[in-house]
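1. Any chance you can model this:
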Amino acid sequence: MRRLGKVSHYARQGFLILRTDWVPSLNDPVVDKKLTVVGVVKDVFGPVNRPYVAVKPRIRNPEDYVGALLYVDTKRKRSKPNHGKKKKSKGGKARRPAPRRRG
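-> The predicted structure is shown next:
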């Protein structure tokens, strides 16, 4: 678990905005001190040495977290989904399917 920063405000677009000393990865899970999932990192913007982070909340009242410290939970890293990709066969190159015959 790594400290992300203190929430400065809740933006009208629906994001919790905070400032940090490091650059987190997109879609990293964000938790509070009780390890409840608050949301995920959706955007990193601003200066390189002290960037801002936009967190998309997954809680009912995100305004309650203004002024709270948030953390990135490295143990809850999401695995990359397999969006319909086929597994490659173990032996040799994968073959392309034969072209379809027309008319």
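2. Could you pull up the residues touching residue 51?
-> By Cβ atoms under 8 Å, 6 or more residues apart in numbering, residue 51 lies in contact with 19, 20, 23, 44, 45. To be clear about C-beta, it is placed using only N, CA and C from the backbone, and glycine gets the same treatment.
3. what's the spacing between it and residue 43?
-> Separation of residue 51 from residue 43 (Cβ to Cβ, to the nearest Å) stands at 10 Å.
4. Of all the residues in stretch 94-103, which ones are buried?
-> By neighbour count with 16 or more other Cβ atoms under 10 Å, stretch 94-103 contains no buried residues.
5. tell me the mean pLDDT for that stretch?
-> Averaging pLDDT along stretch 94-103 gives 84.
6. How far does that stretch stretch from one end to the other?
-> End-to-end distance of stretch 94-103 (Cα to Cα, to the nearest Å): 28 Å.
7. now swap in stretch 55-71 and tell me
-> 11 Å.
8. Distance from stretch 68-76 to the middle of the chain?
-> Here stretch 68-76 shows a centroid-to-chain-centroid distance of 11 Å under the convention Cα atoms, centre = their mean, to the nearest Å.
9. right, I mislabeled it, should have said stretch 27-34
-> On Cα atoms, centre = their mean, the centre of stretch 27-34 falls 10 Å from that of its chain.
10. What lies in contact with it?
-> 1, 4, 37-42, 55, 65, 68-74, 76-78.
11. in that stretch, what's buried?
-> The neighbour-count check on stretch 27-34 (16+ other Cβ under 10 Å) flags 28, 29, 30, 31 as buried.
12. confidence score at the last one?
-> What the model reports as pLDDT for residue 31 is 96.
13. need the contact list for the residue lying closest to it once chain neighbours are set aside.
-> Leaving aside its chain neighbours, residue 31 sits nearest to residue 73 (4.7 Å; criterion: Cβ to Cβ, 6 or more residues apart in numbering). Contacts for residue 73 (Cβ under 8 Å, 6+ apart) come out as 1, 28, 29, 30, 31, 35, 37.
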